[in-house]
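Visitor: here is a sequence together with a model predicted from it:
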Amino acid sequence: MSNPDHSQDAKDRYFMMLAIEQAKLGLYSTRPNPAVGCVIVQAEEVIGQGFHAKAGQPHAEVFALKDAGTKALGATAYVTLEPCSHMGRTPPCAQALVESGVKRVVVAGLDPNPQVAGRGVRLLEQAGIDVTVGILTAQAEALNKGFLKAMRMQMPYVRLKIATSLDGRTAMANGQSKWITGTAAREDVQKLRAQSGAIITGSETVIIDNPQLNVRSHQLGIAFEEVPRPKVVILDRRGRLKHDPESDYQLCRRTDTLYWCDDDLTELLTLLVSEYQCYDVLIEAGASVAGSFLQQQLVDELIVYQAPCLLGQQARAMVNINPLSLAQQLRFNIECHEQLGSDLKLTLLPV
Ligand code: AOF
Ligand code: ZN
């Protein structure tokens, strides 16, 4: 009887896991491109590996094939996303794989980019390469939620981040909020920002907190210092803020801040995808902005950092929503819970 640990499937999952580890190295630097990793395996040994680091630079497969050199002949390539078939900023990876002489390609999932969408796999198969699709798909797709959602639905993946006390308060009545959560939680927020193409905040938050919403990449412990700067959007229906190089507000001094005066948040999200290639959007704002996105069902993921303290009923509540009955409550499933320093991090998905 064969040992299931030695089945082809288990080996495929093992090497795909290594390819996913490669992909993670580009997590904060590839935007708007997806994070993709590749390993080349010959006789159960990794002979080449690579990842996509930056839009405009070669893709994961190209680095892995270069690493493998002539040893790629007859090898198996594991890629976390279907190899591209189009002439983009770089030539098609499917073609590079064909030319390298690999005999098998294992892909975690198809690339929904309309320029690829199955053509990469077809190109490989037409060249006589044995292709397997669907190994560790969910794990690989978890790295590129924004890219995948935007390609499939022309809408970004929206994360709402809230830091609260045990009693769900985000600031004292006078706005004082520095700091409710500890350093570990705040460093984790840096990762959320670094993954985001855009950060949405509200004019009220800008006026009260004067945030910078910057990414301190040195805190991320990543291979590439150069994290593309997320676009900042200020929701400002009352038109209270505008660009001014001398402004007291740090975000208003930036020339690339977008001021959104409209009510239609769906239109804003669509625009962020179509006009700015912002596929992962992070909301860091106060209770009314958070409430609007939640009530309009525009939030894909709610991330709550909860500090073990009580701030009392005068303090600010975390979201302005007004369900009229228990039946109208907004409900979530807990996707993940972990302790960061002395705080709790909850990742929640709307039911
Ligand atoms: C791959 N391997 O490592 C990545 C892929 O503008 P370009 O030429 O960089 O192409 C970007 C598109 O290529 C991107 O939207 C996605 O469809 C695919 N990304 N493909 O074969 C990779 N990062
Ligand atoms: Zn490619």
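Guide: Sure thing, it's come through. Ligands and ions are numbered 1, 2, ... in the order given.
Visitor: excluding chain neighbours, what is closest to residue 197?
Guide: Among residues not flanking residue 197 along the chain, residue 278 sits closest, at 3.1 Å (Cβ to Cβ, 6 or more residues apart in numbering). Heads up, the C-betas are built off the backbone N, CA and C, glycines and all.
Visitor: before we move on, what about residue 346?
Guide: residue 304 (4.5 Å).
Visitor: what does the stretch 1-150 of the chain have sitting close to ligand 2?
Guide: 59, 84, 93 (Cβ under 5 Å from the ion).
Visitor: what about the strands in the stretch 1-150 of the chain?
Guide: 37-42, 45-51, 76-79, 104-107, 130-133 (DSSP state E, counting those that start in this stretch).
Visitor: ranking the ones you listed by burial, who's on top?
Guide: Of the strands of the stretch 1-150 of the chain, the one with the most neighbours on average (mean count of other Cβ atoms under 10 Å) is strand 76-79, at a mean of 29.
Visitor: avg pLDDT for that one?
Guide: Strand 76-79 carries an average pLDDT of 98.
Visitor: can I get the CA coordinates of it in PDB?
Guide: Taking C-alpha atoms only, strand 76-79 is exported to PDB below (Å, rounded to 0.1, in the frame of the first residue of the first chain):
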ATOM      1  CA  THR A  76       8.200  20.900 -12.700                       C
ATOM      2  CA  ALA A  77       7.300  24.600 -12.000                       C
ATOM      3  CA  TYR A  78       5.000  25.500  -9.200                       C
ATOM      4  CA  VAL A  79       3.300  28.900  -9.600                       C
END
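Visitor: give me the contact list for it.
Guide: When contacts are defined by Cβ atoms under 8 Å, 6 or more residues apart in numbering, strand 76-79 is touched by residues 12, 15-16, 18-19, 36-42, 60-61, 64-65, 93, 97, 100, 102-108, 135.
Visitor: surely residue 36 touches residue 54?
Guide: No - contact between residue 36 and residue 54 fails when scored by Cβ atoms under 8 Å: they sit 11.9 Å apart.
Visitor: tell me which of those two has more neighbours.
Guide: Counted by other Cβ atoms under 10 Å, residue 36 and residue 54 do not tie: residue 36 has more neighbours, with 30 against 14.
Visitor: list the contacts for that one?
Guide: Residues in contact with residue 36, defined by Cβ under 8 Å, 6+ apart, are 23, 26, 30, 51, 52, 59, 60, 79, 80, 81.
Visitor: name the residues that touch the host helix or strand of the residue nearest to residue 346?
Guide: Per DSSP states H and E, residue 304 falls inside strand 301-306. Contacts of strand 301-306 with the rest of the structure, by Cβ under 8 Å, 6+ apart, involve 157-166, 181, 185, 188-189, 192, 294, 318, 332, 335, 340, 343-350.
Visitor: got a PyMOL select line for the buried ones in those?
Guide: To isolate the buried ones among the contacts of strand 301-306 in PyMOL, judged by 16 or more other Cβ atoms under 10 Å, type:
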select buried, resi 157+158+159+160+161+162+163+164+165+181+185+188+189+192+294+318+332+340+343+344+345+346+347+348
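Visitor: what residues does this structure have near ligand 1?
Guide: 33-34, 36, 52, 55, 59-61, 81, 83-84, 88-90, 93, 111, 113, 116 (Cβ under 6 Å from any ligand atom).
Visitor: from the residues you listed, keep the buried residues only.
Guide: 33-34, 36, 52, 55, 59-61, 81, 83-84, 88, 90, 93, 111, 113, 116.
Visitor: point me to the residue of this structure nearest ligand 1.
Guide: residue 88 (2.4 Å; Cβ to the nearest ligand atom).
Visitor: and stretch 294-301, what's buried?
Guide: For stretch 294-301, by 16+ other Cβ under 10 Å, it's 294, 295, 298, 299, 300, 301.
Visitor: all helices for the stretch 251-351 of the chain, in order.
Guide: 265-274, 287-295 (DSSP state H, counting those that start in this stretch).
Visitor: just checking, what packs against the worst-scoring helix or strand of the chain on mean pLDDT?
Guide: Here the helix or strand of the chain ranked lowest by mean pLDDT, DSSP states H and E is helix 203-209, holding a mean of 91. When contacts are defined as 3 or more Cβ pairs under 8 Å, 6 or more residues apart in numbering; DSSP states H and E, helix 203-209 packs onto strand 231-235, helix 287-295.
Visitor: residues contacting that helix, please?
Guide: 175, 177, 211, 234-238, 240-241, 249, 251-252, 284-286, 288-289.
Visitor: please redo it, this time with the cut-off set to 7 Å
Guide: For helix 203-209, the external contacting residues (Cβ atoms under 7 Å, 6 or more residues apart in numbering) are 175, 211, 234, 235, 236, 238, 240, 241, 249, 251, 285, 286.
Visitor: before we move on, what about stretch 167-179?
Guide: With Cβ under 7 Å, 6+ apart as the test, stretch 167-179 has contacts from 162-164, 186, 208, 287, 310-311, 314-318.
Visitor: now for those, which pair is the farthest apart?
Guide: The span of the contacts of stretch 167-179, defined through Cβ to Cβ, is set by 186 and 314 at 24.2 Å.
Visitor: quick one: which of these two has more around it?
Guide: Neighbours were counted for residue 186 and for residue 314 using other Cβ under 10 Å; residue 186 has more, 19 against 9.
Visitor: hang on, the earlier thing: how close does the residue of the chain closest to ligand 1 get to residue 307?
Guide: Applying Cβ to Cβ, to the nearest Å, the value for residue 88 to residue 307 is 45 Å.
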